[in-house]
Structure formats: structure tokens, C-alpha cells
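Engineer: sharing a model prediction with you, sequence too.
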Amino acid sequence: MSIMLLQKILGCVWILFLLSLEIRGQCSKPVLSDNVVLVGTTFEEGSSKKLSCVPGYAPETGTAVVTCLGGKWNPNPQVFTCKKKSCGNPGDVPNGRYDMTGGIDFGSTITAICNEGYQLFGNAHRSCSVDGTWDGQEPRCEAVKCVPHPPIDNGRLESALMEHYDHDDVVLHVCNDDYTLFGKRETICKNGEWTEAPRCTKVQCQRLDIPDAKRVQGGSGPYGYKSTLMYECNKGFKMVSGEARIVCEENGWSSTPICKAVAIECPNPGSTNATITDGSGDPYKYGAILTYKCQAGHTLVGSTHLKCGSDGQWSSKPPTCQVDDNNLLKIILGIAGAGAGGALLFGVWYCRKKKRGKTEPHGTTAEAEEGVELKSAESSKQAEVVDPEPASGP
């Protein structure tokens, strides 16, 4: 056999081999969706493969079996998808609940929470396992009880004691005679503990001696809770600290009034035609007294004395001096010889008297006295007029 013939034979065999491979066919390794697995490493034409989900996941869409046909997988393996298994609702926790904010699918964890007044027994956390069930045992919530409340000092419970108290049970307290209750009267059982209890205190406030002040309201004691006193400072003193009204509280008086001397001054009273004879001189302090008087022949109108009060004001306005009517008449009669000038002065006197008469009752002693004096004056004047001149010598 020649070499040329051998080569031809081998070439034919090779072609037949290639033809056989083309007829049989083969698929490449399939591309799968997330969390999907395929068992096997060979993918011959016509072979079928089963797809499955990784642990904790379950089929969601597509067919789990694919077949290699004509070098392609049928149906498309990527159509088959998986999702996390759900463990479902874990159920209710009597007197409590589950916190499921993290979900209820594979890998999630839930937490049991008891209602107020209840205590958790068992494992509070449960996880969703690969088989789609919750692991662990279901926890339980049991009521927390309070032991009997101990009596408070100087007080007692309003009702009889019980062996135990449930959550939100209430007991009431009362104080003994002469004691005052401070705080809330009731205490409540909360999560096995009692809320803060009140206290009973005997309140007594001491009698106060406030310098430079006097008590204007309230008795002389004894002073119990909420007794009230009112003080005011003496004249010339001012309250610089504390309150005028004080109340007896749990820890004593609400405040202590303090009175201090203050420099009270009255303003300059001003000047009039009256003369200050005593007490003049600035400044005019509280209690200062001014004395006024008039010159002879004048009458003082107003108060003779002015006193500087605790409010910084004078007791009255300064007085004035007014010429006496009788004195004015004498002056007029004394210069009657002046003729028209005397008549004018007499007219002034008469008008003054008439004006004054409007403010005095008719027929008063003052008016009668003025009439007598006027009559006397007129008689004297007449005597002077008719008095004969001295006789001339021989």
C-alpha cells in the first residue's frame, strides 16, 4: 500500500469522525440565575439536567428541568429563579408581641417584647431557618407582681394589705393626726416596683420677731402648715427683702421680711410772706417740723406747723399772712385828712370787708367786733373835727 493511499484513508476516517460529532451535538455550561444550582459537568446533546435552589431558597418561576437540544438548552435556564423561603407569621405572644421589622424570610430574626407589667421567660430572639420554620421555643410573658407596700412613717395605708399586687394596682396613704401629707397620695405597682411614696411631716413654724416691723394680719401662734402672716415696716423704714405676706411651708416660713431705715426727705416747702421761726434748713428729713408766724397786724392763714411725713410730703401747704381788717381801718382813719386819698383807702377797706363778709355768717362775733371798732373810730374822728381851736391871746 502506497503512502498516498494511506493518507487518503486516514483523511476519510477523520471526516467521518467529525461528521459523527456534528450529529451527536453538545451544549455549553448554562448561565443560571442567582441562588440556582445545576448538578453535572457534561452536557451532551439530548441530555436533561435538573435545576435546584440553594438552601433557604425555593423555586419562584420557570421549569426545574432543562434539555440540551441542537447545542442549546431548552427552556432557557435563566427563566428558573429562586427566592428566600418564608417562615410565615410566628403567631401571637400572650401579653406581648413580636418585633418583625426585619422581615419573616430566611435569615431574618424576630424579637419577643412583653407588655408593661409583664416579664419575658425564654429566648426573646428567633430566626427563620433553611427549612422555612422558626427556630427555638415560643417565649412567654408573665405578670410581674409587687410585694405588699411597707407603711410610711407617721402614716398608714387606707385599705387592708393584700398578699401581692398586680401591675397598675394602687394603694392610698393617709397621715396620722397633726401630720401633713406631701407628695402623691397614691402609689402604683409598676413592673414589680412601687412608685414613690408620699411622706408625712409635722409642720410647725416658729414665731417671728421682725425688727422695725409690725404684724398686721395673723394670730400670735402656734403656726401650722399654710398659716399666713402679714407684716408692714414701721414709718421711716422700707422692706428691702422677703415678702410682706409669708406662709408656713414644710421647711419653715416662705420668706423673712427685712426692714431697713430709709432717708425720707420732703421737698423745700417754698417761701411765702409767713416767716419760719423754727425748723428751717435743708434737707428736710422725715419727722421734721416747721413753725410759721406773721408780723404784728397780720393774721396767719393756714397751719402754724408743717410736718414731713413718711411719704416724703408735707402735712399741708405753707401758710400765708393777711393784713388784719381792723389794722387797715385804723390806718385809713389815721390819714383821713388826706382827703380824696383817705376816701380811696376807705373804699378799699369797705370792698375788702364786703368780700370777706360773703365767707362769714351774718352777725358773727368778728363782724360785731368790727362794727364796734368802726363806731369807736368814727366817734374819735368826729371829736377831732369839732374840737375848737385854742383861744387866741388877749
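Structural biologist: That came through, no problem. Numbering: from 1, shown residues only.
Engineer: which stretches of the stretch 201-350 of the chain form strands?
Structural biologist: Under the criterion DSSP state E, counting those that start in this stretch, strands of the stretch 201-350 of the chain are mapped to 213-217, 228-233, 237-241, 245-249, 252-253, 258-261, 265-266, 275-278, 284-285, 289-293, 298-301, 305-307, 320-323.
Engineer: so for A197, which of those strands sits nearest?
Structural biologist: Comparing those against A197 with Cβ to Cβ, the closest turns out to be strand 245-249 (20.4 Å). No exception for glycine: its C-beta is placed from N, CA and C like everyone else's.
Engineer: buried sites along that closest one?
Structural biologist: 246, 248 (16 or more other Cβ atoms under 10 Å).
Engineer: what's next to that strand, contact-wise?
Structural biologist: Contacts to strand 245-249, defined as Cβ atoms under 8 Å, 6 or more residues apart in numbering, come from residues 203, 205, 208, 217, 223-231, 253-257.
Engineer: average pLDDT for it?
Structural biologist: Averaging pLDDT along strand 245-249 yields 96.
Engineer: what's the spacing between it and its chain's center?
Structural biologist: Distance of strand 245-249 from its chain centroid, counting by Cα atoms, centre = their mean, to the nearest Å, is 21 Å.
Engineer: so what's E265 up against?
Structural biologist: By Cβ under 8 Å, 6+ apart, the contact set of E265 is 283-286, 308, 312.
Engineer: L229 now?
Structural biologist: Residues near L229 by Cβ under 8 Å, 6+ apart: 208, 215, 217-218, 223, 245-246.
Engineer: without its sequence neighbours, what residue ends up closest to the one residue sitting closest to the centre of the chain?
Structural biologist: In the chain, the C-alpha nearest the mean C-alpha coordinate belongs to S254, at 19.4 Å (Cα atoms, centre = their mean). Nearest non-adjacent residue to S254, counting by Cβ to Cβ, 6 or more residues apart in numbering: V247, 4.5 Å away.
Engineer: specify the beta-bridge partners of that neighbour.
Structural biologist: On the basis of DSSP bridges, V247 is bridged to T228.
Engineer: rewinding a little: would JSON lines of the contacts of L229 with distance to C87 be doable?
Structural biologist: Formatted as JSON lines, the contacts of L229 follow (distance: Cβ to Cβ, whole Å):
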{"residue": "L208", "distance to C87": "76"}
{"residue": "R215", "distance to C87": "81"}
{"residue": "Q217", "distance to C87": "78"}
{"residue": "G218", "distance to C87": "76"}
{"residue": "Y223", "distance to C87": "72"}
{"residue": "R245", "distance to C87": "72"}
{"residue": "I246", "distance to C87": "71"}
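Engineer: selecting buried members of these in ChimeraX, what would you type?
Structural biologist: Only the buried entries of those go into this ChimeraX selection, using 16+ other Cβ under 10 Å:
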select :208,218,223,246
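Engineer: and the contacts of L229, which is closest to A160?
Structural biologist: The shortest approach to A160 among the contacts of L229 belongs to Y223, at 36.2 Å (Cβ to Cβ).
Engineer: so what's the closest one up against?
Structural biologist: Shown in contact with Y223 (Cβ under 8 Å, 6+ apart): 204-207, 229, 248.
Engineer: ok, which pair from the residues you listed is furthest apart?
Structural biologist: Spatial extent of those (Cβ to Cβ) is set by the pair Q204 and L229 at 14.2 Å.
Engineer: can you give me the neighbour number for C294?
Structural biologist: 20 (other Cβ atoms under 10 Å).
Engineer: enumerate every residue touching the residue nearest to it when sequence neighbours are not counted.
Structural biologist: Residue nearest to C294 in three dimensions, not counting chain neighbours: C321, with 3.7 Å by Cβ to Cβ, 6+ apart. For C321, the contact set (Cβ under 8 Å, 6+ apart) comprises 272-274, 294-295, 298-301.
Engineer: how about V130?
Structural biologist: By Cβ under 8 Å, 6+ apart, the residues touching V130 are 55-56, 85, 106.
Engineer: same list (those) but as JSON lines, adding distance to N268, neighbour count and pLDDT.
Structural biologist: Shown next, in JSON lines, are those (distance: Cβ to Cβ, whole Å; neighbours: other Cβ atoms under 10 Å; pLDDT from 0 to 100):
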{"residue": "P55", "distance to N268": "109", "neighbour count": "12", "pLDDT": "95"}
{"residue": "G56", "distance to N268": "105", "neighbour count": "17", "pLDDT": "95"}
{"residue": "K85", "distance to N268": "105", "neighbour count": "21", "pLDDT": "96"}
{"residue": "F106", "distance to N268": "102", "neighbour count": "20", "pLDDT": "96"}
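Engineer: is T291 in a bridge, and if so with what?
Structural biologist: Going by DSSP bridges, T291 forms beta bridges with D278, H305.
Engineer: burial count for it?
Structural biologist: T291: 13 surrounding residues under other Cβ under 10 Å.
Engineer: quick check: pLDDT value at it.
Structural biologist: We note a pLDDT of 93 for T291 in this prediction.
Engineer: how about F237?
Structural biologist: The predicted local confidence for F237 is 88.
Engineer: measure it to G103 for me?
Structural biologist: As for F237, its distance to G103 is 80 Å (criterion: Cβ to Cβ, to the nearest Å).
Engineer: then T41?
Structural biologist: For T41, the distance to G103 - Cβ to Cβ - is 37 Å.
Engineer: ok, these two, which is more surrounded?
Structural biologist: Using other Cβ under 10 Å as the criterion, T41 and G103 rank with G103 on top: 14 against 6.
Engineer: tell me the pLDDT of that one.
Structural biologist: On pLDDT, G103 comes in at 95.
Engineer: one more: V386?
Structural biologist: 33.
Engineer: likewise S241?
Structural biologist: Confidence at S241, expressed as pLDDT, is 91.
Engineer: before we move on, what about A263?
Structural biologist: Model confidence at A263, given as pLDDT, is 79.
Engineer: distance check, the nearest residue to it once chain neighbours are set aside against P211.
Structural biologist: Spatial nearest neighbour of A263, chain neighbours left out: K285 (7.0 Å); criterion: Cβ to Cβ, 6+ apart. Note on K285: its distance to P211, by Cβ to Cβ, is 21 Å.
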